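> structural data only, the sequence is not supplied:
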């Protein structure tokens with residue numbers, strides 16, 4: 001707050017928030033937190049999916065070479081999957097609103113399902129000398145291999 005040459009008080013232009021709007025500010029804060037959590041979870045899942053896909057390509061000698069494969073994963077796969085996962089996060093959040101248990105379960109199933117489908121689309125399940133069954137040797141036998 002400062003006084004101009006005429007004697008009028010000039011504020012910074014930001015009016016104080018009335019006490020009645022404090023509850024609204026909390027809702028906006030929780031939405032912002034939910035959005036940040038969604039962005040972090042989607043990015044973590046996209047990077048993990050890219051690492052899984054890149055490691056399987058490397059183990060089975062799929063693609064041109066590791067540099068080309070990692071370029072695709074870094075510049076196309078991760079941003080694309082991240083965008084899809086963020087959109088899914090927003091849609092599930094809009095549809096299920098204030099039902100925490102159902103909301104969390106739906107988010108987990110939707111995000112993991114989308115990540116599994118994205119990995120399955122690019123999974124090269126063809127038999128190679130390094131991977132006779134089309135599955136890397138480190139893949140656990142109790143999990144079905146991705147692939148459509």
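Good, I have the coordinates. Note that the structure is a prediction, hence the values are computed from the model and not measured.
> in stretch 34-45, what's buried?
Using 16 or more other Cβ atoms under 10 Å as the burial criterion, the residues of stretch 34-45 that qualify are 38, 41-43, 45. Quick note: C-beta positions are derived from backbone N, CA and C, even for glycine.
> repeat that for stretch 113-122.
114-115, 118-119, 122.
> among those residues, which are in helices?
Of those, the ones assigned to helices by DSSP state H are 114-115, 118-119, 122.
> the protein: strands as residue ranges?
2-3, 9-10 (DSSP state E).
> how about the helices in this protein?
22-60, 66-72, 78-96, 100-122.
> need those in a markdown table (columns: mean pLDDT and distance to residue 139).
What follows is the helices of the chain, written out as a markdown table (pLDDT from 0 to 100; distance: least, Cβ to Cβ, whole Å):
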| stretch | mean pLDDT | distance to residue 139 |
| --- | --- | --- |
| helix 22-60 | 80 | 8 |
| helix 66-72 | 88 | 18 |
| helix 78-96 | 92 | 20 |
| helix 100-122 | 91 | 12 |
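> can I get those helices in CSV with distance to residue 132?
Putting the helices of the chain into CSV (distance: least, Cβ to Cβ, whole Å) gives the following:
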stretch, distance to residue 132
helix 22-60, 10
helix 66-72, 21
helix 78-96, 29
helix 100-122, 20
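> what's the neighbour count on the nearest residue to residue 59 once chain neighbours are set aside?
Leaving aside its chain neighbours, residue 59 sits nearest to residue 136 (3.9 Å; criterion: Cβ to Cβ, 6 or more residues apart in numbering). By the other Cβ atoms under 10 Å criterion, the neighbourhood of residue 136 contains 18 residues.
> for residue 136, what are its contacts?
55-56, 59-60, 130 (Cβ atoms under 8 Å, 6 or more residues apart in numbering).
> find the centremost residue of the protein, please.
For the chain, the residue nearest the mean C-alpha position is residue 42 (1.2 Å; Cα atoms, centre = their mean).
> which one of the helices of the chain lies closest to residue 147?
Nearest of the helices of the chain to residue 147, taken as Cβ to Cβ: helix 100-122 at 5.4 Å.
> distance from that closest one to the middle of the chain?
Counting by Cα atoms, centre = their mean, to the nearest Å, helix 100-122 is centred 10 Å from the centre of its parent chain.
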